[in-house]
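Peer 1: Here is my input; please provide its structure:
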Amino acid sequence: MRLIQTLVPEGKREVVIEVIEEAEVDYAMTSETSEQGYSDILYIPTEADDVEGILDELRDIGVEREGYMLVTDVETIVSEQFEEQNEDDESDDERISREELSTKAHNLSRSTTNYIIFTVVSAVVATAGLLEDSAAIVVGSMVIAPLIGPAMASCVGTVINDDELFWEGIRSQTLGIFVAVLSATLFAFSYRLLLVSELDLLLIQQVAERVHPGLLALAVALGAGVAGALSLTSGADEALVGVMIAVALMPPAASVGLGIAYADPVVAGGAGVLVLVNVLSINAAGIVTIWSKRYRPTHWFEERQARRDTIRRFAAFVLVILILTSFLAVSSLDARDNAVFETTVQTEIESSVDGNVLAVEFDYQPRLLSQSQSGVVVHVNSQQRGLADDLQTAIEAETGERLNVTVVYEDTEHSDGSSGSSGGGQ
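Peer 2: Reported below is the predicted structural model:
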């Protein structure tokens with residue numbers, strides 16, 4: 001619920017009353033005694049969905065040019081008449097007014113000191129979580145990441161034809177990602193100097209997920225953009241939705257920092273592509289969502305300019321997304337091919353071993369966009385010796401790939417009683 005308060009300019013009282021009564025909304029009016037060119041103060045309690053229409057009506061008669069219109073959030077209105085009036089006017093389209101949306105977006109777009117500090121802290125915590133391979137710590141870093149504001153500001157600026165807001169949002173997003181990567185790099189470099197000088201980052205599951213993410217990562221980013229835009233336009237709390245946007249941005253940015261600190265171009269490059277895809281996808285999805293909520297400039301020539309800018313910027317985002325998504329497609333296709341390859345190899349191993357195959361482990365050589373099979377370790381409970389060469393030949397004949405095959409023979413001995421068991425291997 002909202003309360004519209006308007007300072008009515010001298011000479012506008014009658015026309016304002018006429019407009020308000022035609023709109024069939026409740027109002028109250030009192031005399032204004034400051035002698036500053038205003039005759040009355042108008043109070044209009046209304047639902048958030050109706051604010052934009054009322055403001056447009058008042059704007060058309062010149063109240064905005066000569067007076068003031070204030071919109072404030074109201075927790076509760078105690079009035080049976082108001083409730084009855086709005087029972088028949090309920091709408092499923094929950095949206096705040098264009099003016100409120102613009103104000104919220106401006107407030108969220110600013111690169112304040114707190115914005116920088118929260119980004120630094122979030123990046124450091126995310127990097128620590130990646131190094132610990134702890135999903136809980138990584139999620140904790142997302143809660144404090146302030147990345148939703150700039151992303152939504154650029155989307156709102158595009159749709160309502162506010163270039164200053166659009167570029168402020170773009171600058172804040174760029175600054176936020178840069179600060180996140182820099183913070184992660186410095187923290188990871190300190191970790192490398194003081195604690196662990198050498199580390200295979202791709203053995204850390206939380207990092208590996210961001211290096212070769214696949215096409216599903218695109219769905220996460222698009223969903224984050226839609227959710228962020230809906231939360232902003234409906235007047236809901238953006239904090240929880242901001243976590244989802246941070247999911248798409250903060251861990252990949254921290255992974256880039258790790259790759260730079262440990263001089264691993266595969267990690268830095270793969271995670272960097274994911275960061276770019278996610279940033280652009282969030283912006284593209286946000287633009288479409290806000291445009292679909294029918295936010296437009298008030299003047300026809302501004303609306304036409306906004307339509308052109310929206311189409312142009314959305315097309316640019318989509319073009320770059322399609323180019324970068326080709327890298328994600330390579331990762332997805334590579335993951336599919338590796339899964340088929342592993343199934344084929346495992347079937348060939350089971351058919352070639354005279355005994356039980358206890359486990360099969362595959363080794364991969366990481367590349368920028370994919371992973372190539374390099375070896376396989378086979379754990380068997382069998383007396384059949386010389387399996388390594390036989391399995392290598394059989395796998396090569398079946399798949400055309402020559403892998404390094406390691407066979408680990410495991411023998412198990414159980415006691416006759418129930419008190420315990422012992423085992424040994426060779």
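Peer 1: Can you spell out the domain ranges of the protein, please?
Peer 2: The chain breaks down by automatic domain parsing into domains covering 2-87, 98-329, 353-425.
Peer 1: Between the two ends of the longest one, how far is it?
Peer 2: Translated: domain 98-329. Criterion CA to CA, to the nearest Å; first-to-last residue distance in domain 98-329 is 38 Å.
Peer 1: pLDDT of that domain, averaged?
Peer 2: Domain 98-329 shows a mean pLDDT of 85 in the predicted model.
Peer 1: right, so of the domains of the chain, which gets closest to residue 338?
Peer 2: Set against residue 338 and scored by CB to CB, the domains of the chain come closest in domain 353-425, at 6.7 Å. Using the backbone N, CA and C atoms, a C-beta is placed for each residue, glycine as well.
Peer 1: Out of the domains of the chain, which is closest to residue 340?
Peer 2: domain 353-425 (9.7 Å).
Peer 1: Including distance to residue 343 and mean neighbour count, could the domains of the chain go into CSV?
Peer 2: Putting those into CSV (distance: least, CB to CB, whole Å; neighbours: other CB atoms under 10 Å) gives the following:
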stretch, distance to residue 343, mean neighbour count
domain 2-87, 55, 15
domain 98-329, 18, 20
domain 353-425, 10, 14
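Peer 1: In a markdown table, list those domains along with distance to residue 336.
Peer 2: Conversion of these to a markdown table gives the following (distance: least, CB to CB, whole Å):
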| stretch | distance to residue 336 |
| --- | --- |
| domain 2-87 | 47 |
| domain 98-329 | 9 |
| domain 353-425 | 11 |
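Peer 1: Now residue 408: which helix or strand?
Peer 2: Here residue 408 sits within strand 404-414, counting by DSSP states H and E.
Peer 1: Quick check: the gap between the residue nearest to the spatial centre of the chain and residue 138.
Peer 2: With distances taken as CA atoms, centre = their mean, residue 245 lies nearest the centre of the chain, 2.6 Å away. Per CB to CB, to the nearest Å, residue 245 is found 15 Å from residue 138.
Peer 1: again, but for residue 122
Peer 2: Plainly put, residue 122 is 10 Å away from residue 138 if you go by CB to CB.
Peer 1: ditto for residue 382
Peer 2: Per CB to CB, residue 382 is found 42 Å from residue 138.
Peer 1: for residue 354, same thing?
Peer 2: Noted for residue 354: a distance of 45 Å to residue 138, by CB to CB.
Peer 1: wait, doesn't residue 276 sit right on residue 324?
Peer 2: Yes: counting by CB atoms under 8 Å, residue 276 does reach residue 324; the two are 5.7 Å apart.
Peer 1: so where do the strands sit in the chain?
Peer 2: Shown for the chain, the strands assigned by DSSP state E span residues 2-9, 28-31, 38-46, 68-73, 356-366, 371-381, 404-414, 421-425.
Peer 1: Averaged pLDDT, the second one. What do you get?
Peer 2: The reference is to strand 28-31. On average, strand 28-31 scores 82.
Peer 1: distance between it and the chain's centre?
Peer 2: 47 Å (CA atoms, centre = their mean, to the nearest Å).
Peer 1: ditto for the fourth one
Peer 2: On the basis of CA atoms, centre = their mean, the separation between the geometric centre of strand 68-73 and that of its chain is 32 Å.
Peer 1: Direction included, what does that strand pair against?
Peer 2: Here strand 68-73 is paired, per DSSP bridges, with strand 2-9 (antiparallel).
Peer 1: The strand it pairs with vs strand 38-46, what angle?
Peer 2: 160 degrees (axes from the mean of the first three to the mean of the last three CA atoms, to 10 degrees).
Peer 1: Touching strand 2-9 from outside, list them.
Peer 2: For strand 2-9, contacts defined as CB atoms under 8 Å, 6 or more residues apart in numbering pick out 16, 29, 32, 37-48, 51, 54-55, 58, 62-63, 66-74, 97.
Peer 1: Determine how far that strand lies from the middle of the whole chain.
Peer 2: The chain centroid and the centroid of strand 2-9 are separated by 38 Å under CA atoms, centre = their mean.
Peer 1: Could you export that strand as PDB, CA atoms only?
Peer 2: Output in PDB follows, covering the C-alpha atoms of strand 2-9 (Å, rounded to 0.1, in the frame of the first residue of the first chain):
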ATOM      1  CA  ARG A   2       1.100   3.500  -0.800                       C
ATOM      2  CA  LEU A   3       0.300   7.100   0.300                       C
ATOM      3  CA  ILE A   4       0.600   9.800  -2.400                       C
ATOM      4  CA  GLN A   5       1.100  13.300  -1.000                       C
ATOM      5  CA  THR A   6       0.900  16.200  -3.400                       C
ATOM      6  CA  LEU A   7       1.500  19.900  -3.000                       C
ATOM      7  CA  VAL A   8      -1.200  21.400  -5.300                       C
ATOM      8  CA  PRO A   9       0.000  24.600  -7.100                       C
END
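Peer 1: Could you pull up the mean pLDDT of it?
Peer 2: So the average pLDDT for strand 2-9 ends up being 81.
Peer 1: CA-only coordinates of stretch 11-25 in CSV, if you can.
Peer 2: In CSV, the C-alpha atoms belonging to stretch 11-25 read as follows (Å, rounded to 0.1, in the frame of the first residue of the first chain):
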residue,chain,number,x,y,z
GLY,A,11,-4.9,27.7,-9.4
LYS,A,12,-4.8,23.9,-9.9
ARG,A,13,-7.2,23.0,-7.0
GLU,A,14,-10.4,22.5,-9.1
VAL,A,15,-8.7,20.6,-11.9
VAL,A,16,-6.9,18.3,-9.5
ILE,A,17,-10.2,17.5,-7.7
GLU,A,18,-11.9,16.8,-11.0
VAL,A,19,-9.1,14.4,-12.1
ILE,A,20,-9.1,12.6,-8.8
GLU,A,21,-12.9,12.2,-8.7
GLU,A,22,-12.9,10.9,-12.2
ALA,A,23,-10.3,8.3,-11.2
GLU,A,24,-12.7,7.2,-8.4
VAL,A,25,-10.1,7.1,-5.6
